[in-house]
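In: Here's a sequence, model it:
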Amino acid sequence: MPTLRDILLKECPDLVPGALRARELQAHVSEMFLATGAPCTSHSVLYRDWPGRAQNVFRWFVLDDGMAVGLTGTPEAPEGIARHPYQKIHHMDWNRLRTCRVVNQAGSFTRAGQILEITQSAVSRQIAAVEVDLGSDIFLRNNDGLVPTEMGAYFLETIERMWESLELGLARLNEMKDDPAGPLTLTTTAGFGSAWLSSRLHKFHSLYPEIAVTLLLIDNEELDLRQRHADCAIRFQHPTEPRLVRRFIDDYSYHIYGSQEYLDRRGIPHALADLDEHSLIVYGDGVGQPPIEKIDWLLTEGVPEGQSRRADLRINNVYGIYRAVESGLGLAALPFYMSERSDKLVEVLPDVAGPPIPVYFVYPEELGPSRRIAALRDFIVDEINATWGDLKRRKLA
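Out: Here you go, the predicted model:
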């Protein structure tokens, strides 16, 4: 019987790079066979990754007692056919798939064994069994640890997508209960989370005791919701990530505050030019992405373009700025919800405000049906509308 290479060379010589060895050709047929979603009698699809080619190539497959036989060539099935010794995979052990995932994350069999609470040799045996099923190595071993092979990387990505789908499916099943329940991770800025949100979560917990909220307060980066680093977020810049639901809630501005003790000592500014003679506290430089745009507008407001006032203190946390102002160190721009927390702060230049800051509640599209997301979103919207609306009305009165 002619070999697979002989048939390929005979039927479609222009598609077979001469440098390919028979083993490499067989590997390509294996991948093509898996891509068909076998079992099937024949299949043809667009094939763009043949070495050196970028055109339509037809693939032909036949099943014979669980063995794949195949040919790549013209639209008409050739008469010749060669048996390719590839055993069809009937099933995969879920525990072994989990082991593959943990090994990939841990970077070594030893560390994976510690996480899984099994021996290193047991991890090695499970990986070896999966590699036998696949007919391919998953990892390469080198001095730096484990590195996925090309086929292994694709296989591990498939496992990761499967795990994400499983977690999402379980979350949706959880939403079918009578009451919203389960874990929910929310991320927002440190200032907003510590000064306004965290003190209201007891009310949310009393309304939804079965929802376990985790609050992640991070100023200098936005967690990736698509990668499920968090389930939802409150953000103060227009979200740009694709496939995220954005619910606009409200907007607000920063105003200028100082402590009564500081103003008694240094005097009250009556115009923007007076700020040049005061100690100013602003957000820190060189610490990543600030929580809002133009957060240091106090340094440039009312000065010629290209110039800036001097900052006497920089702090990379809005709550830290609030505490510094309260202690009498100087003036700073702060959100109004922080000023309401302290009877030591006095607003100066009340007609001056920073740029408007939008507030969004954001979550991935796939979590749209989640009753936990809906419960938290509606709670935050109601709380902001109730408290901020009243503060704004009092300010305008």
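In: got the contact list for stretch 214-224?
Out: 183-191, 193-194, 197-198, 201, 229-230, 233, 235, 241, 287-291, 316-318 (C-beta atoms under 8 Å, 6 or more residues apart in numbering). In this view, the C-beta of every residue, glycine as well, is placed from N, C-alpha and C.
In: Now that stretch: buried residues?
Out: 217-219, 222 (16 or more other C-beta atoms under 10 Å).
In: what about it, start to end distance?
Out: The straight-line separation of the ends of stretch 214-224 (C-alpha to C-alpha, to the nearest Å) is 16 Å.
In: cool, and stretch 181-198?
Out: First-to-last residue span, stretch 181-198, C-alpha to C-alpha: 19 Å.
In: And the contacts of it?
Out: 171, 174, 208, 210-219, 222-223, 229-236, 291-292, 317-319, 322, 335, 337-338, 341, 372-373, 376, 380.
In: pLDDT on it, on average?
Out: For stretch 181-198, mean pLDDT rounds to 88.
In: That one: which residues count as buried?
Out: So, applying 16+ other C-beta under 10 Å, buried residues of stretch 181-198: 181-182, 184-197.
In: Repeat that for stretch 110-119.
Out: 111-113, 116.
In: Residue 274: which of those is nearest?
Out: residue 111 (60.3 Å; C-beta to C-beta).
In: Tell me the secondary structure at that closest one.
Out: The three-state label given to residue 111 by DSSP: H, G, I helix; E, B strand; the rest coil is helix.
In: Can you give me every residue that contacts it?
Out: Counting by C-beta under 8 Å, 6+ apart, residue 111 has no contacts.
In: how does it look with 10 Å?
Out: Shown in contact with residue 111 (C-beta atoms under 10 Å, 6 or more residues apart in numbering): 102-103, 105, 120, 123, 145-146.
In: can you check residue 300 too?
Out: Applying C-beta under 10 Å, 6+ apart, the residues near residue 300 are 294, 306-309.
In: Tell me the one of those residues nearest residue 271?
Out: Using C-beta to C-beta, the contacts of residue 300 come closest to residue 271 at residue 309, 13.6 Å.
In: Just give the nearest non-adjacent residue to that closest one, would you?
Out: residue 299 (4.7 Å; C-beta to C-beta, 6 or more residues apart in numbering).
In: quick one: the one you found and residue 278 touch, right?
Out: No - at 11.8 Å, residue 299 and residue 278 do not qualify as touching, with contact defined as C-beta atoms under 10 Å.
In: Of all residues in the chain, which one is nearest the centre?
Out: What sits nearest the mean C-alpha location of the chain, by C-alpha atoms, centre = their mean, is residue 224, with 2.4 Å.
In: Could you give the secondary structure assignment for that residue?
Out: Secondary structure, three-state DSSP: residue 224 is coil.
In: quick one, phi psi at it?
Out: Here is the backbone geometry of residue 224 (degrees, to the nearest 10): phi -80, psi 110.
In: Report pLDDT for it.
Out: 79.
In: tell me how far stretch 251-259 is from the chain's mean position?
Out: 32 Å (C-alpha atoms, centre = their mean, to the nearest Å).
In: Stretch 194-214 too?
Out: 23 Å.
In: What residues sit buried inside it?
Out: 194-197, 204, 208, 211, 213.
In: Present these as TSV; the columns should include secondary structure and distance to residue 356.
Out: Putting the buried residues of stretch 194-214 into TSV (DSSP: H, G, I helix; E, B strand; the rest coil; distance: C-beta to C-beta, whole Å) gives the following:
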residue	secondary structure	distance to residue 356
194	helix	22
195	helix	19
196	helix	17
197	helix	20
204	helix	27
208	coil	31
211	strand	32
213	strand	28
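In: What is the subsequent helix or strand relative to the helix or strand bottoming out on mean pLDDT in the chain?
Out: One helix or strand of the chain scores below all others by mean pLDDT, DSSP states H and E: strand 83-87, with a mean of 35. Sequence-wise, the next helix or strand downstream of strand 83-87 (DSSP states H and E) is helix 94-106.
In: packing partners for that next one?
Out: Secondary-structure packing of helix 94-106 (3 or more C-beta pairs under 10 Å, 6 or more residues apart in numbering; DSSP states H and E): helix 109-116, helix 120-134, strand 139-142, strand 145-148, helix 150-174.
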